[in-house]
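> Provided below for reference: sequence and predicted model.
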Amino acid sequence: MANRVCYPVTDVPEYLIETVTVPAGGLKPGDVVVVNTIDNTIVGNFTQYVATKPTTSLLETEELGIVISGGNFEKLTDGRLPDGQPDYTQYEYLAGDTAPVLILAPRVKFYLSDACLAAAASAGDYLYGANNSIQLAKGSSVPNSILTVAKVLAKTNFRLGGIFGGEFTTGNVCVVLPYNRKTA
């Protein structure tokens, strides 16, 4: 079972945490979206965005936002409330919900469990968005045509607690690289 955990490692300014309306299909911690369009279905809204799936053209010009663990700890995918025991395999933001998103601006550090990636990353790998995918891709070099790229600084464990007791999940401490990466 995948323990999907994602959160900022250091304190980040409030303006780097946005909220998005979850699209059909839902979102999980570690999913990436483009956050550039206000949700005009909410009357008087000027703070909540529509979560847009990354495309090749958006990856070149827009910062990505990554869904973080947070506001979904009170509801399981089937709508029930948990009995106080966190289970990181169950948390999902359902269509129409509001999800917190960390904007991946340069120098922001975040933790991302390996379960959020298609394949586990190693220290030194680069993580970046992929066309028509909400999952980060990994590679050993920096793609020049993508604005938001993070580098895995270190591998570390996250204690799951709750029903998992002393179990851990493996993940990555990452830092978002400055936009001028051609010499990285």
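Ah, there it is.

> buried residues in the helix or strand where residue 19 lies?
Using DSSP states H and E, residue 19 sits in strand 17-21. For strand 17-21, the neighbour count (16 or more other Cβ atoms under 10 Å) marks 18-21 as buried. (Each C-beta comes from the backbone N, C-alpha and C, glycine too.)

> Work out the gap between the following helix or strand past it and the centre of the chain.
For strand 17-21, the succeeding helix or strand toward the C-terminus, using DSSP H and E, is strand 32-38. Distance of strand 32-38 from the chain centroid (Cα atoms, centre = their mean, to the nearest Å) equals 12 Å.

> swap in stretch 130-138?
With Cα atoms, centre = their mean, you get 11 Å for stretch 130-138.

> Rounded mean pLDDT for it, please.
Average pLDDT, stretch 130-138: 94.

> Let's see it as CSV, backbone CA atoms only.
Provided in CSV are the C-alpha atoms of stretch 130-138 (Å, rounded to 0.1, in the frame of the first residue of the first chain):
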residue,chain,number,x,y,z
ALA,A,130,5.5,15.7,-17.2
ASN,A,131,3.0,16.4,-20.1
ASN,A,132,-0.6,15.5,-19.2
SER,A,133,0.4,13.9,-15.8
ILE,A,134,-0.2,14.9,-12.2
GLN,A,135,2.8,12.8,-11.1
LEU,A,136,6.3,14.1,-10.9
ALA,A,137,8.8,12.5,-13.3
LYS,A,138,12.4,11.9,-12.3
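
> Going by neighbour count, which residues of it are buried?
For stretch 130-138, by 16+ other Cβ under 10 Å, it's 130, 134-138.

> nearest to residue 27, of the buried residues of strand 17-21?
residue 20 (7.9 Å; Cβ to Cβ).

> hang on, the closest one packs against residue 37?
No: at 9.7 Å, residue 20 and residue 37 do not qualify as touching, with contact defined as Cβ atoms under 8 Å.

> tell me, what's touching these two both at once?
Common neighbours of residue 20 and residue 37 are listed as 49-50 (criterion: Cβ atoms under 8 Å, 6 or more residues apart in numbering).

> element containing the residue nearest to residue 145 when sequence neighbours are not counted?
In this structure, residue 145 finds its nearest non-sequential neighbour in residue 60, 5.5 Å apart by Cβ to Cβ, 6 or more residues apart in numbering. Residue 60 belongs to helix 56-61 when assigned by DSSP H and E.

> So what's the model's average confidence on the helix or strand just after that helix?
Next in sequence after helix 56-61, counting helices and strands by DSSP H and E, comes strand 64-67. Mean pLDDT, strand 64-67: 96.

> before we move on, what about stretch 28-45?
94.

> Between the buried residues of stretch 130-138, which sits nearest residue 53?
Using Cβ to Cβ, the buried residues of stretch 130-138 come closest to residue 53 at residue 134, 5.9 Å.
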